[in-house]
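[1] Need coordinates for the below:
(one chain, ligands or ions: 1)
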Amino acid sequence: MSEAEELGALRDQIDAIDQQIQQLINERARCAQQVAEVKQKYCSPGDSVVFYRPEREAQVLRKIMARNQGPLGDESMARLFREVMSQCLALEEPLTVAYLGPEGTFTQQAALKHFGHAVSCAGQISIADVFREVESGAAHFGVVPVENSTEGVVTHTLDSFVESNLLICGEVTLRIHHHLLTSEPSASVTRIYSHAQSLAQCRLWLDQNYPNVERIAVASNAEAARRASQEPGAAAIASEAAAELYALKPVHANIEDQPDNTTRFLIVGQQPTQSSGDDKTSILVASRNEPGALYHVLEPFHRDGVSLTRIETRPSRSGTWSYVFFIDFEGHRDDERIVPLLAEIQSKAVDFKWLGSYPKAVL
Ligand SMILES: O=C(O)C(=O)C[C@]1(C(=O)O)C=C[C@@H](O)C=C1
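    Next comes the predicted model:
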C-alpha cells in the first residue's frame, strides 16, 4: 500500500469513530437537559434552581481518571471531559463567572480550567469587586487567588471572607509559568512591568539577567503586558495568554525562580456544596486573646486525626492584638466525624464562621 492508501484507511476509521463520539456527546447533552428538568421540577417554590453541581463534576472527573487506560494521559482525558461537561452545563444554564481580571490573568486561566470554556468570564478590577459581583447576583460564581507556593497568602481574599456571606464551592490550582514578553530586541529593554508578586517570584532571575533594569509593579500581569505592547523599551513578566492577547514575543520562557511555582484559587458562590467523598472544609475562627488559644482550637483536629491542610493568622479588625485563624482541613461539614468536631470548635471559639466544604481540586 502507498502512504496515501494507508493514511486514507486510517482516516476513514477516524471519521467513523468521530461520528460515534459526536452522537454519544449529543446523547449525553440530552441527558443533561433532562437532569435540568428534574432539578426544576423538585425545586421548592421561591428557591432558585441550582444547576451547577461541583461535587458531581468532581466525581465524574475522578471516575474518568481512575478508569483511563491510555494512550491519552489521565489528565488529558479529564480535560476533554471537563469541556464536554462545561457545554452540557451551558445547555442547562449559561454561567457567568467573575474573576480577578483583566483579560489574560492567571485567575482567568484558573476560571477556565475549573469551569471549562462554555462559561462567560467577566474580568473585575479587584478581589472586592469579584465578591460584590457574586453577592449582587450579577455573576453566578467568582474566582479569586488565595495562596502562592513561593509568595504565600493573598491577604485581600482572606479578609474578604470576614465580611462576606459567600461560600467556597471549589478550589483549583495552577502551575504558574512566567515569561519575559516584549516586542523589542531583549537588549533594548529599559523597564520591566509586572504584578509585585510576579516580580518577587522572578527576583533571582532578574538579578542575574537584568540587574540594572527598572522593575515597576502594576495592578496585574495583563496590565503589564498591555503597557509593554505600547511603550518603547518596555517588557512585561506575564503568562503565555497575555503574550497572545497583546501580540508580544516571549523572549525568555519559564523565568520563575521556583520551578514548581503554583497558585491556588478559590471558587465562591451563594450555595453550599454537597459531599463529593473527597473534600476540604474552610473555617474562620476567632479565639480569646489568651495563652494557648490557638492550641485549644487545633487540639480537637489532632485528637480526631483530621488533617489540617493550611492555617493562616490575620489580625482581627475588631480589637488590637486579637487574631482570626483561617483553617482548611480534610473532610466535609456533613461527614460523620466532622459534625461533632465543628460543634466543639464552635463552642470554644469567640467567633466562628464556616466558609464552605468543597471537592478537593481534581485537575
Ligand atoms: O449531574 C448533574 O447534576 C448535571 O447537571 C450534569 C452535569 C454533567 O454534564 O455531567 C452538568 C452540570 C453539573 O454541574 C454536573 C454534571
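[2] tell me, how many neighbours does the residue in the stretch 1-150 of the chain positioned nearest to the ligand end up with?
    Per CB to the nearest ligand atom, the residue of the stretch 1-150 of the chain with the smallest distance to the ligand is residue 88, at 3.4 Å. In this view, the C-beta of every residue, glycine as well, is placed from N, C-alpha and C. Neighbour count for residue 88, taken as other CB atoms under 10 Å: 20.
[3] For the nearest residue to it once chain neighbours are set aside, report the pLDDT, please.
    Excluding its sequence neighbours, the residue lying closest to residue 88 (CB to CB, 6 or more residues apart in numbering) is residue 32, at 3.8 Å. For residue 32, the model assigns a pLDDT of 98.
[4] roughly how far apart are residue 32 and residue 58?
    Distance of residue 32 to residue 58, computed by CB to CB, to the nearest Å: 16 Å.
[5] Give me the residues contacting the one helix or strand in the chain whose mean pLDDT sits lowest.
    Least confident helix or strand of the chain, by mean pLDDT, DSSP states H and E, is strand 152-153 with a mean of 82. With contacts defined as CB atoms under 8 Å, 6 or more residues apart in numbering, strand 152-153 is touched by 146, 147, 312.
[6] tell me which residues of the next helix-or-strand element following it are tucked away?
    Using DSSP states H and E, the helix or strand that follows strand 152-153 in sequence is helix 155-163. Buried positions in helix 155-163, judged by neighbour count with 16 or more other CB atoms under 10 Å: 156, 157, 158, 159, 160, 161, 162.
[7] Tell me the helices and strands packed up against helix 155-163.
    helix 127-136, strand 141-148, strand 308-315, strand 323-330, strand 351-359 (3 or more CB pairs under 8 Å, 6 or more residues apart in numbering; DSSP states H and E).
[8] could I have it exported to PDB, CA atoms only?
    Taking C-alpha atoms only, helix 155-163 is exported to PDB below (Å, rounded to 0.1, in the frame of the first residue of the first chain):
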ATOM      1  CA  THR A 155      -4.500  38.600  52.200                       C
ATOM      2  CA  HIS A 156      -7.200  40.600  50.300                       C
ATOM      3  CA  THR A 157      -9.000  37.300  49.600                       C
ATOM      4  CA  LEU A 158      -8.900  36.100  53.200                       C
ATOM      5  CA  ASP A 159     -10.000  39.400  54.600                       C
ATOM      6  CA  SER A 160     -13.000  39.500  52.100                       C
ATOM      7  CA  PHE A 161     -14.400  36.400  53.800                       C
ATOM      8  CA  VAL A 162     -14.700  38.200  57.200                       C
ATOM      9  CA  GLU A 163     -17.400  40.500  55.800                       C
END
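[9] for the record, mean pLDDT for it?
    In the prediction, helix 155-163 has an average pLDDT of 92.
[10] Contacts made by that helix with the rest, please.
    126-128, 131, 144-146, 266, 284, 312, 314, 317, 324, 326, 353, 355.
[11] How about stretch 77-90?
    Outside of stretch 77-90, the residues within contact range by CB under 8 Å, 6+ apart are 25, 28-29, 32, 51-52, 57, 60-61, 64-65, 68, 72, 95, 113, 115-119, 362-363.
[12] what's the answer for stretch 22-41, then?
    Contacts for stretch 22-41 (CB under 8 Å, 6+ apart): 49, 50, 51, 84, 87, 88, 89, 91, 92, 93.
[13] Which of those ranks first by neighbour count?
    Neighbours here mean other CB under 10 Å. Within the contacts of stretch 22-41, the largest count is held by residue 89, at 22 neighbours.
[14] excluding its backbone neighbours, what's nearest residue 238?
    Nearest non-adjacent residue to residue 238, counting by CB to CB, 6+ apart: residue 221, 3.8 Å away.
[15] Output the helices and strands packed on helix 155-163 as JSON lines; include the columns mean pLDDT and distance to the ligand.
    Formatted as JSON lines, the helices and strands packed on helix 155-163 follow (pLDDT from 0 to 100; distance: least, CB to the nearest ligand atom, whole Å):
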{"stretch": "helix 127-136", "mean pLDDT": "97", "distance to the ligand": "17"}
{"stretch": "strand 141-148", "mean pLDDT": "94", "distance to the ligand": "11"}
{"stretch": "strand 308-315", "mean pLDDT": "91", "distance to the ligand": "24"}
{"stretch": "strand 323-330", "mean pLDDT": "93", "distance to the ligand": "23"}
{"stretch": "strand 351-359", "mean pLDDT": "96", "distance to the ligand": "11"}
